[in-house]
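>>> Return a 3D structure for these sequence lines:
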Amino acid sequence: MPGPADDPHRITDIDSLTALYGSVSQRSRDKVFPSLLEEHREFIAAAGFCVLASAGDHYLDCSPRGDAPGEAFAVLDNTRIAMPDRRGNNRLDTLRHVIDNPQVAALFLAHGSAQALRVRGQAHITLDPKLLSHFALDAERPRAVIVIHVSAVLLQNTRAIRRSQLWHSADRLPCD
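Next comes the predicted model:
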């Protein structure tokens, strides 16, 4: 199977990419903030799900995270978000990556909303007893908590959510 280098239509430089798409509008630039605003905090409180992206030495990863809205994540202050690391498959992809390379990105979704909250920052893993207790579920504490130190945040209306009909119940796959 041919690789990307074999594609004669491949875009290989930023100038060509910019010529194709045009420049970013000032309105879009003004939506990116270095810390959490009240509307971001409210969205995180309503979100029950996020995808946490991380990068290790050999591969990238996206890990689903979630609990009931209002319990899934905690905004610690305007620059820190915490999320539990619940019992799972013990692959530890995300946790290994955070130790090797703390740069992460998270995409928060709130059921029914056509908005998405994008967060970039540096993460660390903690065993802080207060955070472990905060995220206890049915009296079981998570093994660890991931804390993201926010460097950029963007709340956007996303056409992709509307086009995909993500929240339309008729299109759902059966649950296990």
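
>>> Note down every partner strand of the longest strand anywhere in the chain and its orientation.
Assignment by DSSP state E gives strand 144-157 as the longest strand of the chain. The pairing partners recorded for strand 144-157 under DSSP bridges are strand 32-33 (antiparallel), strand 80-85 (antiparallel), strand 115-126 (antiparallel).

>>> Need the winner for burial among those strands.
Neighbour counts (mean count of other C-beta atoms under 10 Å) averaged over each of the strands paired with strand 144-157 peak at strand 80-85, with a mean of 21. Backbone N, C-alpha and C define where each C-beta goes, glycine included.

>>> other SSEs contacting the next helix or strand after it?
Downstream of strand 80-85, the next assigned helix or strand under DSSP states H and E is helix 93-100. Packing partners of helix 93-100 (3 or more C-beta pairs under 8 Å, 6 or more residues apart in numbering; DSSP states H and E): strand 49-55, strand 60-66, strand 115-126, strand 144-157.

>>> Please repeat the previous calculation with a cut-off of 6 Å.
strand 49-55, strand 115-126 (3 or more C-beta pairs under 6 Å, 6 or more residues apart in numbering; DSSP states H and E).

>>> Same list (the ones you listed) but as TSV, adding distance to Ala19 and mean pLDDT.
Converted to TSV, the helices and strands packed on helix 93-100 look like this (distance: least, C-beta to C-beta, whole Å; pLDDT from 0 to 100):
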stretch	distance to Ala19	mean pLDDT
strand 49-55	28	97
strand 115-126	25	97
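
>>> Would you convert the ones you listed into CSV that also reports distance to Ala105?
Below are the helices and strands packed on helix 93-100 laid out as CSV (distance: least, C-beta to C-beta, whole Å):
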stretch, distance to Ala105
strand 49-55, 4
strand 115-126, 5
